[in-house]
Every structure is written in C-alpha cells, then in structure tokens.
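In: structure of the sequence below:
(one chain, ligands or ions: 1)
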Amino acid sequence: METLDTYKAILGEIGKLRSAKSLLAWDQQTHMPGAGSAARADALGKLSRLGFELATSDELGQCIEELEARDDLSDEEAASVRDVGRQYRRQKAIPPDLFEAFTIAQSKGQAAWAEARAKADFAHFRPNLEKLVDFARQFAEYYGYEDTPYDALLEPFEPGMTSRRLRKIIEPLKAELVPFLERIAAEGTPPDADVLVGSFPVNMQREMSRRTLEIIGYDYGSGALDDAPHPFTTEIAHGDVRITNRYEEDDPVSGLFGALHEGGHALYGQGMGENLYKLSLSDGASFGIHESQSRLIENQIGRSRPFWRFFQPIIGEFLPQLAGVDAEALYRAVNVVSPSLIRVEADEVTYNFHIMLRFELESALINGETAVADLPALWNDAMQRYLGVSPNDDADGVLQDVHWSMGAFGYFPSYMLGNLYAAQVATALRADRPNLDAEIEAGDFEPLVSWLREKVHQFGGVHRAEDLIRRITGEGLNAKHFIDYVVGKFSDIYRL
Ligand code: ZN
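Out: Below you'll find the predicted structure:
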C-alpha cells in the first residue's frame, strides 16, 4: 500500500478507538449507574492501551518519517503529519515504565486531592503533588525545551507558546486591569444583581438551554444535550458532537451560560469537515483557540446588550418570575464584577487574574524555583496581590482545581489565551459585519456562525493558533483587544 494510504488507515484505526473511548467516557459522566464504574475503568483502560500501541507503533513512525520528506501533500495532510508526528515523538520520548508509574501516581493523586479538598487539608495532598511535579519535571527533560522546562509542558496545549511570551502578554493585562478593577470597586455603580434572586425549576432551565442552543445554530441532528456534574463538550465522531450541562436551582443564568459556552465549543466541532476528523485535525488549532470559540459565544455574544434585548422575552417564557425584568436590567445583572476566590465563578474582568496566579505558581514549581510545601502561602499571597481577597481555607484556595491532581501542568494558560483570542477575533468579526449587533438583537445568529465557520471552524487544526489568528486579524496575538473590550464594556456598565 502507498505510504499515505497506510498512514490514513492507521489514523482511521486510532480514530475508531478514540471514538469508542469518548462515548464510554461521555456515558460515564451522564447515564452510567455508579456500580458500573470499575468495569468501565477497565474497558477505558483497555481502549487506551490499544490506542497507545497504535499511536506509538513503528509502522506509524515509518509513515511519518517518509511523509515528512514529501512535498506533494495537501495542506490538510501536511498539517496532519506535522501534528501526529509531534505527538508521536512526545509519546516515544517517555520510557514506558516511567509512563506507567505516572498513570498510577495520577489516579492516586486524584483520590488524595478529592479527600484533601473535602477536608480542606493540603498536607494530605502534598506528598502526591510532590510526586506529580517530579514526574512532570522528568517528562520535560525527555521532551526537551529551549528556555525553561515549563515550556515543554505548555507545548501540547498551545504549540509554539513559551513562558517568556506569556509573561509579555500578561504584563500589559496586569498593568491595565489591576487598576481598572480597583476603579470599579471604588467609583463604580454596581448593577442590581438581586433581580436574578429566586428559585428557578431545573427542568425549565434545561428546556431553556435546549432552545438557546437551537437558536445559536447547534445542530441536534449531529448532537445531543445531557446533564453532567461538570459541563463539557465531546466530539465522539464526525456527525456526533455532544454537549453536557448542569443547572442550579437558585441561579437562573449559570446553566444558560454553561450552554452558551459549550455551544461555542460544539459549533467548532460541528463546523469541521469529515476529512479533518479522518486526519486527526478535529481538536482545533489549540486549546486556547478552542476556548476562544466558547468564550466568544458565552461572553462577547451571550453577555452583550443586544443579546439580552433579544433574549428577554425568551427567559421570561421559561422562567416567568423574570418576565417583568427589562432587558437592560438583565444585561447589567449578568455582568456583575466581583473579585471571587473561585476561578470558575469569576467574571470577565477578574477571570484572567486567576490564570496569571496559577501560571506564576505552576511554572515556578516545574522550573524548580518553588517547593510544593510553600504553595498554600504563595497562593494566598498572590490572591491578595491580584484580587485583594484571601481564602479562609485551602479548599477554596490552592485545592480548588482538579488539574494538578492529574499531573496536568501547562493547561491553565489556554483559558486566558481563549479570552484574548476571543476578543481579537471579535474585533475582526465586528469590522467585517458592522450590523452584527442588529442581527443578534433580531435573534439572527446565522451570519455570526457562518463567519466563524469560514474564518475558524472549517480549518480545524490545519493552521497553528498563531497563524490562524494572523490570517483572521492581520496580526499576532495582541492583548490590547481584550483590554479595550473589557474597559469599554465595564466602564459603561459601572458608569465610570
Ligand atoms: Zn471551555
């Protein structure tokens, strides 16, 4: 068989295993009875091993080497070989025994973290975290890096991104937004958040989310909406991109914004052609670019004034207590700025501070500049510096996120980059579509989604994040767009 055909056949096999794995994992979070968890873990483990064997096979390695030397590949094929080759080399770089020891440390780490978090006792998690940091440091050495070990861990989430570059991006953000947050607190007129206080039936919220997803263009013919403890989107296969969401009885909008966020991810997945799935390019340009698609729909659109002018009668239809609240009051109430302890509850002004803090701490850990034992004190100190608040205990502080307990270091910056990419893409979108606000206010999301399809979705992972942003906006990542967006929007809301 011709090398390219062999290569595609191997990716096809890996893709089928991955699809089965995603479906089992989705079911685990949505419908699986609790007593099925041990058998499910076994089945998932088996599929992972089979996938790993294929993804690190000598046959695939030979295909990659031969295809890398060729210049007759299409753009999609070349991008596929670039990314699959990169993953292949990373997986081959780690000795199998070390990787197996790591997976054991991961599952022990998650169990210890869950217990430590429940008891607000960092000491219980500390020895596990020390081991996971040690693994990550060893992996970084095997992967290789130019500047700092941490850069080797950023790579799979944001190919091409470095700590040095991140620091440069963070500098102006911090310089502009820390004083802006202080100004909001000192001089701002806060919105009246009490208009959203009440009890709102979960089944009505679920139906509202279902309808909202339909309105923004999510296709139920190739998707599904289910409940899960933590919202996520999963691309099971081409033609099967599912969303999960959760609802809070005492909060009428957290489920709605969860649906809009996941809807943004899902539109990306539904906007990619079958070819991208077959070539293993369906994860998108980077984690940050994926997050930009969710943030754009959730915040740039969902937390905008035109959206609430459109949505006011709809929320009133599903949640009749809110029928009498006008669009402007709803718009203001969903944009309250308040420095909080918890990242996932943060507003648009303060969210990135939570990421800066995590980046500061995890890069110091991986680069050997900080000891795990010092984390809680450093965390609380950084919370004061960025947000002016400190947690009462470690459950609301250093123990709040699951990522480190899985040994996932280098993931957090993608959340911040998602916000920055979203603002930059939205600037280009508004320049291309001067009537966007009127379209949103009329409930016409088709032009918006078509634009995203044409500029972002259809390419999947063909272009690297930086190249994609350059193609769309004519410049590399620039935090200025986010700063302008946030300062403009919240100066108006807080009447500064
Ligand atoms: Zn997301």
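In: name the nearest residue to Ala237, ignoring sequence neighbours.
Out: Ser19 (4.6 Å; C-beta to C-beta, 6 or more residues apart in numbering). Yep, even glycine has a C-beta here, placed from its N, CA and C like the rest.
In: distance-wise, check the one you found relative to Thr234.
Out: Applying C-beta to C-beta, to the nearest Å, the value for Ser19 to Thr234 is 10 Å.
In: which one of the two is surrounded by more residues?
Out: Thr234 (20 against 17; other C-beta atoms under 10 Å).
In: what's across from the more buried one in the sheet?
Out: Arg242 (DSSP bridges).
In: just to check, it is in contact with Ala224?
Out: No - between Thr234 and Ala224 there is no contact under C-beta atoms under 8 Å: 10.1 Å.
In: roughly how far apart are the residue nearest the centre of the chain and Leu420?
Out: When C-alpha atoms, centre = their mean is applied to the chain, the residue found nearest the centroid is Glu291 (4.3 Å). Glu291 sits 10 Å away from Leu420, going by C-beta to C-beta.
In: if I look at the residue nearest to Ala237, what pLDDT would I see?
Out: According to the prediction, Ser19 has pLDDT 97.
In: find the residues that touch each one of Thr234 and Ala224.
Out: Each of Arg242 lies in contact with both Thr234 and Ala224 under the rule C-beta atoms under 8 Å, 6 or more residues apart in numbering.
In: which residues in this protein form strands?
Out: Applying DSSP state E to the chain gives strands spanning 225-227, 233-237, 240-245.
In: tell me which of the ones you listed sits nearest to Glu475.
Out: Counting by C-beta to C-beta, Glu475 lies closest to strand 233-237 out of the strands of the chain; the figure is 28.9 Å.
In: which of the residues in that closest one are buried?
Out: The neighbour-count check on strand 233-237 (16 or more other C-beta atoms under 10 Å) flags Thr233, Thr234, Glu235, Ile236, Ala237 as buried.
In: could you check the angle strand 240-245 makes with it?
Out: 160 degrees (axes from the mean of the first three to the mean of the last three C-alpha atoms, to 10 degrees).
In: who touches strand 233-237?
Out: By C-beta under 8 Å, 6+ apart, the list of residues contacting strand 233-237 reads 15, 19, 22-23, 25-26, 241-244, 262, 265-266, 269, 277, 282-283.
In: one more time with 7 Å, if that's ok
Out: By C-beta atoms under 7 Å, 6 or more residues apart in numbering, the list of residues contacting strand 233-237 from outside reads 19, 22-23, 26, 241-243, 262, 265-266, 269, 277, 282.
In: and what of stretch 439-458?
Out: 215-217, 267-268, 271-273, 293, 301, 304, 306-307, 309-310, 429, 432-433, 436, 472.
In: switch the cut-off to 8 Å
Out: 215-217, 267-268, 270-273, 285, 289, 293, 296, 301, 304, 306-307, 309-310, 425, 428-429, 432-433, 435-436, 468, 471-472.
In: tell me the buried residues within the residues you listed.
Out: Buried members of these, counted by 16+ other C-beta under 10 Å: 216-217, 267-268, 270-273, 285, 289, 293, 296, 301, 304, 306-307, 309-310, 425, 428-429, 436, 468, 472.
In: looking at those residues, which are in helices?
Out: Among the buried ones among the contacts of stretch 439-458, the members found in helices (DSSP state H) are 216, 267-268, 270, 289, 293, 306-307, 309-310, 425, 428-429, 436, 468, 472.
In: which parts of the stretch 301-450 of the chain are helices?
Out: 305-318, 327-333, 351-366, 375-387, 413-432, 436-441, 446-455 (DSSP state H, counting those that start in this stretch).
In: state the mean pLDDT of the second one.
Out: Here helix 327-333 scores 98 as its mean pLDDT.
In: cool, stretch 60-71 as well?
Out: For stretch 60-71, the mean per-residue pLDDT is 97.
In: residues in contact with it?
Out: Under C-beta under 8 Å, 6+ apart, the answer for stretch 60-71 is 3-4, 6-7, 10, 54, 73, 77, 81, 84-85, 88, 92.
In: got CSV for those residues, with neighbour count and distance to Val195 too?
Out: Formatted as CSV, the contacts of stretch 60-71 follow (neighbours: other C-beta atoms under 10 Å; distance: C-beta to C-beta, whole Å):
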residue, neighbour count, distance to Val195
Thr3, 14, 63
Leu4, 17, 59
Thr6, 16, 61
Tyr7, 24, 57
Ile10, 19, 56
Leu54, 16, 54
Leu73, 16, 57
Glu77, 19, 54
Val81, 23, 54
Val84, 22, 51
Gly85, 17, 54
Tyr88, 19, 54
Lys92, 14, 57
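In: give me the distance between the two termini of stretch 267-281.
Out: Using C-alpha to C-alpha, to the nearest Å, the end-to-end distance of stretch 267-281 comes out at 15 Å.
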